[in-house]
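J.: below is the sequence, then the predicted model.
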Amino acid sequence: MSTDKIILGIETSCDETAAAVTINGVLRSAITSTQQIHSMYGGVVPELASRVHQQNIVPVADEALKLAKIGLRDLDAVAVTIGPGLMGSLLVGVSFAKGFGLAINKPVIPVNHMQAHIYSLFIRKKDEETKTVPSFPFLCMNISGGHTQIVKVNSFSDMELLGQTLDDAAGEAFDKAAKILGLPYPGGPAIDRLAAAGNPGIFTFPKPVIPDYDFSFSGLKTAVLYFIRDRTLADPDFITNNINDICASVQHVIVGILLNKLSKAISDTKISTVGIAGGVAANSYFRKMTAQLAEKNHIRLFYPDLEFCTDNAAMVATAGYHLLPDEINLNNNITAKSRMHIAER
C-alpha cells in the first residue's frame, strides 16, 4: 500500500476556477481557468462568476488529475477553499469537493483562502524538492484585491494577525485607480506596466495616518478620483499626456504605505524572515522596493513564483498536504464562509 500523500486542491473563491494535485507536498499539476467575462464590467460580477465556476469545475479538476496521472482512488483527500470570498463562487467549489469526497470515500480538508496564500510560499514543483522555504516564525504580508494583512506565522497551523486594512485593500486601490484612468480590469498589472516608463515623483498623493500595523486605502482612492477630475477639467488630454507619470505616482504611494507598515512590523517583532503573498506580490515595483528593504535590514525575503501570486489551487493543495493529519476521519460537514479570520479554519 502506497504511503504517498496525494491531495487534490480546489479553488473557486472569486473568478478563478482552479484545481491542482500534490504528491507528498510536491506539485504535479495545476490548472486554472480565468474568467474573461468580467473585464467588460470593470470588476468581478458575483452572479456571473458562480455560473462560470459551475461550467468549469468538472473539466478543470478532471484535467488536473489527468495531467498528474492520478486516479480517483489514489487520492488521500480533497482540499478546498471555504472562504473568505464570494459566497456563490465558494459554494460551487465546496459543493463539488464534498460530493467528490463522498463519492471516493475520502476526507475533505477546509482551507482558509488567506492562509492558502501564505502556503503559496511553500509550493514546490517536481524539480524543486530542495527549494528553500521560510522558517518559522516569519512575517507575511498578504496583499490582494480583497485583503491586506500582516501576519505572524508561527507554524502551519498557528497564524497571528498583526494588522489589516480597515477598508479597501491595496489590490482594490490599484484596480479603482486604473478604472478612474480608463485602464482595463484587472488594473494592477496595467498600472505596473505603464508606471515602468513614468516618474513616481511627478505627482503626490496623501498617505493615511493609521496606528499600529493597520492599513487604509479608501482615502487614497478618493484623492486620485478628485485629482483626475480637477486636472481633466483644466486639460481634457491630461490623462493621455501624463498616463505613465500618473501610474508611477499612484503605484509609488501604494507601495510606500505597504513598506512603511512592513518596516514597522520588522522593527517591532525583530523577526528577520519575511514572506510576501497575494496578487500584489507580483507587482514589479513592489518587488524591487521590498528587495531594497530586505537588503537594508538584513532580511531573508520570500515570494511565491509569479504564477502562484494570484488565486490558484496549488496553494490550496499545498495547504491540504500540511494540514492533513496522520490519522484522518471522514468528515464532509464543512460550509462556505464569505468572511473568515486569518486564524480560522
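T.: Cool, got the structure. Given the structure is predicted, the values throughout are model-derived calculations rather than measurements. Numbers count the residues shown, from 1 in each chain.

J.: K264: which element?
T.: Element membership for K264, per DSSP states H and E: helix 238-269.

J.: next: G93.
T.: helix 87-104.

J.: show me what that helix is in contact with.
T.: 8, 10-15, 46-47, 49-50, 53-54, 57-58, 61, 72-73, 75, 77-83, 107-108, 330, 332, 334-338 (Cβ atoms under 8 Å, 6 or more residues apart in numbering). Every residue, glycine included, has its C-beta placed from N, CA and C.

J.: if we go to 6 Å?
T.: Residues outside helix 87-104 that contact it (Cβ atoms under 6 Å, 6 or more residues apart in numbering) are 10, 12-14, 46, 49-50, 53-54, 57, 72, 78, 80, 82-83, 108, 332, 336, 338.

J.: what do you get for stretch 62-76?
T.: 5-6, 8, 19-21, 28-29, 31, 104, 106.

J.: wait, Y303 touches G275, no?
T.: No. Contact criterion Cβ atoms under 6 Å: Y303 and G275 do not qualify, at 7.5 Å.

J.: looking at those two, which is more packed in?
T.: G275 (24 against 19; other Cβ atoms under 10 Å).

J.: distance of the spatially most central residue of the chain relative to Q115?
T.: The geometric centre of the chain, computed from its C-alpha atoms, lies nearest to G278 (Cα atoms, centre = their mean), at 2.9 Å. Relative to Q115, G278 is positioned 12 Å away (Cβ to Cβ, to the nearest Å).

J.: same thing with D168?
T.: Taken as Cβ to Cβ, the span from D168 to Q115 is 22 Å.

J.: now do D192
T.: To Q115, D192 is 26 Å away according to Cβ to Cβ.

J.: and these two? which has more neighbours close in?
T.: Q115 (27 against 21).

J.: about what we covered before: what's near enough to touch the residue nearest to the centre of the chain?
T.: Applying Cβ under 6 Å, 6+ apart, we find G278 in contact with 117, 142-144.

J.: take these and lay them out in CSV including secondary structure.
T.: Listed next are those as CSV, based on DSSP: H, G, I helix; E, B strand; the rest coil:
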residue, secondary structure
H117, helix
N142, strand
I143, strand
S144, coil
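
J.: got the domain ranges for this protein?
T.: Here the domain assignment for the chain is 6-123+310-323, 138-303, based on automatic domain parsing.

J.: rank those domains by pLDDT, which is bottom?
T.: Lowest mean pLDDT within the domains of the chain: domain 6-123+310-323, at a mean of 92.

J.: endpoint to endpoint, it covers what distance?
T.: This stretch, domain 6-123+310-323, spans 12 Å end to end (Cα to Cα, to the nearest Å).

J.: quick revisit: if any of the contacts of stretch 62-76 are buried, give me the PyMOL selection for them.
T.: Filtering the contacts of stretch 62-76 down to the buried ones (16 or more other Cβ atoms under 10 Å) takes a single PyMOL command:
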select buried, resi 5+6+8+19+20+21+28+29+31+106
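
J.: pull the number of nearby residues for the closest residue to S338 other than its chain neighbours.
T.: Spatial nearest neighbour of S338, chain neighbours left out: M87 (4.6 Å); criterion: Cβ to Cβ, 6 or more residues apart in numbering. When neighbours are counted by other Cβ under 10 Å, M87 registers 15.

J.: also H341?
T.: Neighbour count of H341, defined by other Cβ under 10 Å: 13.

J.: equivalent analysis for L102, please.
T.: Applying other Cβ under 10 Å, we find 13 residues neighbouring L102.

J.: one more: A313?
T.: Counted with other Cβ under 10 Å, the neighbours of A313 add up to 35.

J.: mind listing what it touches?
T.: By Cβ under 6 Å, 6+ apart, A313 lies in contact with 9, 11, 18-20.

J.: now do A178
T.: By Cβ under 6 Å, 6+ apart, the neighbours of A178 are 187, 190-191.

J.: highest neighbour count among these?
T.: Neighbour count (other Cβ under 10 Å) singles out I191 as the most crowded of the contacts of A178, with 27 neighbours.

J.: the strands in the stretch 51-200 of the chain, which residues?
T.: Taking DSSP state E, counting those that start in this stretch as the test, the strands found in the stretch 51-200 of the chain are 77-83, 108-112, 124-125, 138-143, 148-155, 158-164.

J.: out of the ones you listed, which gets nearest to F308?
T.: Among the strands of the stretch 51-200 of the chain, the nearest to F308 by Cβ to Cβ is strand 124-125 (10.0 Å).

J.: so what secondary structure elements neighbour that closest one?
T.: Strand 124-125 is packed against no helix or strand, with contacts defined by 3 or more Cβ pairs under 6 Å, 6 or more residues apart in numbering; DSSP states H and E.

J.: before we move on, back to that, flag every buried residue along the helix holding G93.
T.: Applying a neighbour-count criterion of 16+ other Cβ under 10 Å, one finds 88-94, 96-98, 100-101 buried in helix 87-104.

J.: could you give the angle of that helix to strand 108-112?
T.: 160 degrees (axes from the mean of the first three to the mean of the last three Cα atoms, to 10 degrees).

J.: oh, and call the first residue 71 from now on, that's how I've got it
T.: Okay, residue one is now 71; in that scheme the one you just asked about reads as helix 157-174.

J.: quick one: helix 157-174 to strand 147-153, angle?
T.: Angle, helix 157-174 to strand 147-153, by the same axes, to 10 degrees: 160 degrees.
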